[in-house]
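Engineer: Sequence unavailable; structure follows:
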């Protein structure tokens, strides 16, 4: 490790990029966290990971075992005098508030990983960073993440808590344990059909995990961004159909896609969350001007990011890696998916033949 390690109370905006910082990553051993740790280490920062220790961080960094829900564990972290914190896995207001209590007045920058799901999706599009956050408590994940942000905003207003919130859409890339791309690859490589809810014309909004990691790290040293939130997402907007076709091309295989109405899938016991990037007919547009101008955000070209993602899963074998259906409590088995597609196509063909016959007969 070269360079200087600044300790408080030096403000974060005084850290030149070439200097190292003492950074704590909460939840740095998982999917997004591991990429963030690698990016921090690549830039020469001194990195510590706070996690339960179930999974080791990929880099040779310090692992501090503990439970983020335990105030004593968090108090111990405060005493270690970190310059900055990146919080990867805060999912409730209580978790964020405990972190605020632990680090208020003790760090120069606190980066919170949020999500574009925090918004009221009935808002005017494109979304901007001050669009209304959701207050719908039935949307549990979105509401809880919005509550995290409300806690941070209140702390900033009350005491100047130096947070930055980064709001990505779906995240694609290597190591993704809920990969939407591997969901498709599993079916493609096995010769199974891919069911797409409705027409497949819904846009895919995503960000490459390495771009997200870079943005989180850039937020540590950007000037004039405390108390602000930023959207990041890929430049290119593709439909679900185009996304699946691009995965197939990158993998060198064919995709057998079957479009089935979402209302029928739900009647048959499927959950629409099972189908990657399906948003129940909603379209999300988000302005990324602030991230480009204030964080220097420049995403990897979509096809390159997708190719690197596909290659990762192909090298390891798609069936050996997890995907989005593995995170759902109740999923229709793929064997039944195959039967459904066969029956749907057969009945659809029979219906078309019957209508055609009836039509021609009436004439």
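Structural biologist: Done, it's in. All figures in this text were calculated on a predicted structure; none of them were measured in a lab.
Engineer: give me the low-pLDDT residue ranges for the stretch 51-200 of the chain?
Structural biologist: Confidence mapping of the stretch 51-200 of the chain against pLDDT under 70 gives the ranges 54-60.
Engineer: Show me where it has its helices.
Structural biologist: Remark: helices assigned in the stretch 51-200 of the chain by DSSP state H, counting those that start in this stretch are 71-78, 93-103, 140-159, 180-190.
Engineer: Of the ones you listed, which is nearest residue 120?
Structural biologist: helix 140-159 (9.0 Å; CB to CB). For every residue, glycine as well, the C-beta is placed using N, CA and C.
Engineer: ok and the closest one relative to helix 93-103, angle-wise?
Structural biologist: 30 degrees (axes from the mean of the first three to the mean of the last three CA atoms, to 10 degrees).
Engineer: Tabulate the helices of the stretch 51-200 of the chain (CSV), appending mean neighbour count and distance to residue 323.
Structural biologist: Supplementary listing: these in CSV, determined by neighbours: other CB atoms under 10 Å; distance: least, CB to CB, whole Å:
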stretch, mean neighbour count, distance to residue 323
helix 71-78, 15, 33
helix 93-103, 20, 26
helix 140-159, 18, 19
helix 180-190, 23, 4
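Engineer: Let's have the ones you listed in CSV, adding distance to residue 211.
Structural biologist: Formatted as CSV, the helices of the stretch 51-200 of the chain follow (distance: least, CB to CB, whole Å):
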stretch, distance to residue 211
helix 71-78, 28
helix 93-103, 24
helix 140-159, 20
helix 180-190, 15
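Engineer: any residues touching stretch 114-128, and which ones?
Structural biologist: 131-136, 139, 141-142, 145-146, 148-149, 165-169, 205, 229, 231, 233, 282-287 (CB atoms under 8 Å, 6 or more residues apart in numbering).
Engineer: Which among the helices of the stretch 51-200 of the chain is found nearest to residue 21?
Structural biologist: helix 93-103 (14.2 Å).
Engineer: beta partners of the residue minimising distance to the centre of the chain?
Structural biologist: For the chain, residue 171 is the residue whose C-alpha lies nearest the centre (CA atoms, centre = their mean; 3.6 Å). On the basis of DSSP bridges, residue 171 takes part in beta bridges with residue 207.
Engineer: start at 23 instead
Structural biologist: Understood, numbering begins at 23; the last thing we discussed is residue 193.
Engineer: Tell me if I'm right that it and residue 54 touch.
Structural biologist: Yes. Using CB atoms under 8 Å, residue 193 is in contact with residue 54, at 6.4 Å.
Engineer: ok so, going back, to residue 71, which of the helices of the stretch 73-222 of the chain lies closest?
Structural biologist: helix 93-100 (11.2 Å).
Engineer: got the angle between the closest one and helix 115-125?
Structural biologist: 40 degrees.
Engineer: would residue 370 count as being in a strand?
Structural biologist: No. Counting by DSSP: H, G, I helix; E, B strand; the rest coil, residue 370 is located in no strand; its state is helix.
Engineer: coming back round to it: select, out of the helices of the stretch 73-222 of the chain, the one closest to residue 331.
Structural biologist: Smallest distance to residue 331 across the helices of the stretch 73-222 of the chain (CB to CB): 5.3 Å, for helix 202-212.
Engineer: can you list the residues that contact the closest one?
Structural biologist: Contacts for helix 202-212 (CB under 8 Å, 6+ apart): 192, 194, 198, 214-216, 266, 269-270, 273, 275-278, 298-299, 328, 331-332, 335-336, 340-341, 343-347, 356.
Engineer: Just to be sure, which of those are found in helices?
Structural biologist: 266, 269-270, 273, 328, 331-332, 335-336, 356 (DSSP state H).
Engineer: Put the buried members of those residues into a PyMOL selection.
Structural biologist: Only the buried entries of the ones in helices among the contacts of helix 202-212 go into this PyMOL selection, using 16 or more other CB atoms under 10 Å:
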select buried, resi 266+269+270+273+328+331+332+335+336
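Engineer: got the ones in helices among the contacts of helix 202-212 as a markdown table, with pLDDT and distance to residue 127 columns?
Structural biologist: Listed next are these as a markdown table, based on pLDDT from 0 to 100; distance: CB to CB, whole Å:
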| residue | pLDDT | distance to residue 127 |
| --- | --- | --- |
| 266 | 98 | 49 |
| 269 | 98 | 47 |
| 270 | 98 | 53 |
| 273 | 98 | 51 |
| 328 | 97 | 43 |
| 331 | 98 | 40 |
| 332 | 98 | 46 |
| 335 | 98 | 44 |
| 336 | 98 | 48 |
| 356 | 90 | 52 |
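Engineer: Before I go, just wanted to say thanks for your time.
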